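Q: Kindly generate the corresponding structure for this input.
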Amino acid sequence: MAWLLAMTCAVAIAQQTLDADYRITGREVLAAFEPQRQVLQTSSAVILQGRKEIGYGVVISPDGHILVKASDVESLKDIDVMIDQTRYKGAKLLAVDPAWDVGLLKIEASGLVPVRYARSSALPQGTWVVANGATSRTQRRALAGIISAKAREIPPSGGYVLGLMLDEKEVGKIQEVTEGMGAERAGLLKGDRLVKIGDQAIETIEQIEKLSEILQKQQKNSQVEVTVLRGKERQQAVVALSSRDEMASYEGNRNDQMSGEYSIRRSRFPRVIQHDILGNRYITGGPLLNLDGLCVGMNIARATRAESFAIPVEELQEIAKRLLASQP
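A: Numbers count the residues shown, from 1 in each chain. Have a look, this model is predicted:
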């Protein structure tokens, strides 16, 4: 009887194991997206600094205009671009749209193949989409995934915070202090109990929620006085507020080894479409394609292990038109 049970379990496990070639990043699956890969090969740009791959771009004109994620390139002095198998040196950043974190690069080129825009980004959840994966010396690699949420705004990440997490069961008890944030710099410790912020006592969950709303409206580098109970002793500290974007960056770094790096800016976008294509922050900047090889958006942020954001094609075309029109 034992051998029969063991055999049944082995068969069940075997049935649940998918051959590597047929997993979402496997050779057989990626081969199905070869037409889209060819579009990426000619109409997406690899942004390089020396040998380091910084990210991707969207080719929008035959004479060398490329849309990129601005925050990835603004601080770079020397930018090279590879399109298909040709490397172009000395790309220039001409203009930036800070609201969308999009920049306009220009290279000296002719005869490039711009992306073809889709009519709409209104794709049902579960629709297949394709984007750049890692790049070999000469070849783009395609990665596939699905639209995983409806288009929506990604607002500012909630204003400013103390840089700590509170216990959900014990009111005011500090469960965790975020490394590098204001609470840590002020000397607050895990296990302290927050009893007062400014003049407001902390006695109920409702009071904490109200204070969170107040903190979110503060300005960066504002300071607040807090009182904590450490054992039986009351202690006061002045905490410099940190932005939620900064806190999210620190929290994300803890998962980097497991999940790949997230984008530093992953909020404050007027509207995005969301997909689940695997990767890290360096897959951003390039086009997001539908199965017809048409551009439905531009990848702008790797937000979490399972979420990436893309600017919808409708807004992307407006951004491109505006940035091009700004040039003399």
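Q: And the spatially closest residue to residue 236 that is not a sequence neighbour, how far from residue 198?
A: Using Cβ to Cβ, 6 or more residues apart in numbering and skipping the chain neighbours, the partner closest in space to residue 236 is residue 227 (5.2 Å). The C-beta positions use only the backbone N, C-alpha and C, and glycine is treated the same way. Between residue 227 and residue 198 the computed distance is 9 Å (Cβ to Cβ, to the nearest Å).
Q: Neighbour count for these two, which is higher?
A: Between residue 227 and residue 198, counted using other Cβ atoms under 10 Å, residue 227 has the larger neighbour count: 17 against 12.
Q: what are the bridge partners for the more buried one, then?
A: For residue 227, the beta-bridge partners are residue 196, residue 236 (DSSP bridges).
Q: so what's it up against?
A: Residue 227 sits next to 194, 195, 196, 197, 234, 235, 236 when contact means Cβ atoms under 8 Å, 6 or more residues apart in numbering.
Q: now do 6 Å
A: 195, 196, 234, 236 (Cβ atoms under 6 Å, 6 or more residues apart in numbering).
Q: Could you do residue 299 as well?
A: Counting by Cβ under 6 Å, 6+ apart, residue 299 has contacts 131, 284, 286, 288, 310.
Q: Same check on residue 46?
A: 82, 135.
Q: Just say helix, strand or coil for it.
A: With DSSP: H, G, I helix; E, B strand; the rest coil as the basis, residue 46 sits in strand.
Q: now residue 75
A: What three-state DSSP gives for residue 75 is coil.
Q: okay, it: pLDDT?
A: The per-residue pLDDT reported for residue 75 equals 84.
Q: ok, now how distant is it from residue 81?
A: 17 Å.
Q: returning to what we had before: out of the contacts of residue 227, which end up buried?
A: Buried subset of the contacts of residue 227 (neighbour count, 16 or more other Cβ atoms under 10 Å): 195, 196.
Q: As JSON lines, the contacts of residue 227 with distance to residue 279 would be great.
A: What follows is the contacts of residue 227, written out as JSON lines (distance: Cβ to Cβ, whole Å):
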{"residue": "195", "distance to residue 279": "44"}
{"residue": "196", "distance to residue 279": "44"}
{"residue": "234", "distance to residue 279": "48"}
{"residue": "236", "distance to residue 279": "45"}
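Q: and which of the contacts of residue 227 is nearest to residue 306?
A: Distance to residue 306 across those (Cβ to Cβ) is lowest for residue 195, with 37.6 Å.
Q: now the closest one: how far from residue 27?
A: Residue 195 is 59 Å from residue 27, where distance means Cβ to Cβ.
Q: now swap in residue 268 and tell me
A: Distance from residue 268 to residue 27, by Cβ to Cβ: 38 Å.
Q: more neighbours, the two?
A: residue 268 (16 against 10).
Q: Quick check, pLDDT for the nearest residue to residue 163 once chain neighbours are set aside.
A: Leaving out its chain neighbours, the residue that sits closest to residue 163 by Cβ to Cβ, 6+ apart is residue 181, at 2.5 Å. Residue 181 carries a pLDDT value of 75.
Q: swap in the one 10 residues further on?
A: According to the prediction, residue 191 has pLDDT 93.
Q: Residue 320 touches residue 61, doesn't it?
A: No: with contact defined as Cβ atoms under 6 Å, residue 320 does not reach residue 61; the gap is 8.8 Å.
Q: the more surrounded of those two?
A: In terms of neighbours (other Cβ under 10 Å), residue 320 is the more surrounded of residue 320 and residue 61; the figures are 22 against 13.
Q: Excluding sequence neighbours, find me the nearest residue to that one.
A: Closest residue to residue 320 apart from its sequence neighbours, by Cβ to Cβ, 6+ apart: residue 60 at 5.1 Å.
Q: just residue 49 next, same as before
A: Nearest residue to residue 49, sequence neighbours excluded (Cβ to Cβ, 6+ apart): residue 76, at 5.5 Å.
Q: To what extent is the one you found buried, counted in neighbours?
A: 15.
Q: so how far is residue 47 from it?
A: From residue 76 to residue 47 the distance is 8 Å (Cβ to Cβ).
Q: Could you do residue 87 as well?
A: 11 Å.
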